[in-house]
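Chemist: Have a look at this prediction, sequence included:
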Amino acid sequence: MKERQTLLIVDDQELNRVILREALSQTYHIIEAADGNEALQMMEAHYTQIAGVLLDVVMPEVDGFEVLRTMKERNWLRTIPVFLITAETDSQVLVQGFELGVMDVITKPFCPELVKKRVDNMVELYRRRFELEALVLE
């Protein structure tokens with residue numbers, strides 16, 4: 001699997017996208033979506049380049065959970081780790097996110113250094129996983 005270097009940040013609040021972009025743009029190419037519909041379009045167009053998705057839960061029209069359901073149906077969660085970004089503290093919301101396939105939860109307000117470390121670690125884990133799968137196939 002060729003190296004993926006793009007992160008998709010999905011949040012209806014521009015300030016949140018700016019904070020995350022600033023934290024991650026030194027390492028990754030950043031693309032952004034302001035809602036779930038736009039996020040799905042971006043994933044469709046850039047699927048092979050996306051190393052991870054930072055996905056807000058609460059958005060108008062198509063929320064983060066619906067985006068996750070669609071990603072699961074299209075089998076995108078196998079190759080793209082998703083980080084749920086939320087201010088929500090209700091454990092039921094977090095459990096639902098994990099049941100739908102998120103790899104980690106990043107809470108608001110953001111700590112940029114922590115966000116970067118967590119994203120870097122998960123992206124690296126996915127890369128190593130695919131390297132091992134390729135070796136097994138050989």
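Modeler: Yep, it's here.

Chemist: Strands of the chain, start to end?
Modeler: When secondary structure is read from DSSP state E, the chain shows strands at 6-10, 29-33, 50-56, 82-86, 104-107.

Chemist: Residues contacting the longest one, please?
Modeler: When you say that, I think you mean strand 50-56. For strand 50-56, contacts defined as CB atoms under 8 Å, 6 or more residues apart in numbering pick out 4-13, 16, 20, 28, 39, 43, 64, 67-68, 71, 80-86, 102, 106, 119, 122-123, 126. In this view, the C-beta of every residue, glycine as well, is placed from N, C-alpha and C.

Chemist: show me where the chain has helices.
Modeler: Here the chain has its helices, by DSSP state H, at 14-24, 36-46, 64-73, 91-100, 112-137.

Chemist: Show me just the buried residues among the contacts of strand 50-56.
Modeler: Neighbour-count burial (16 or more other CB atoms under 10 Å) is assigned, among these, to 4, 6-12, 16, 20, 28, 39, 43, 64, 67-68, 71, 80-86, 102, 106, 119, 122-123, 126.

Chemist: And F83, how far from F110?
Modeler: 11 Å (CB to CB, to the nearest Å).

Chemist: ah, wrong one, I meant Q96
Modeler: 21 Å.

Chemist: In contact with I30, which residues?
Modeler: Taking CB under 8 Å, 6+ apart as the test, what I30 contacts is T6, L7, I9, L20, R21, L24.

Chemist: residues contacting N37?
Modeler: E61, V62.
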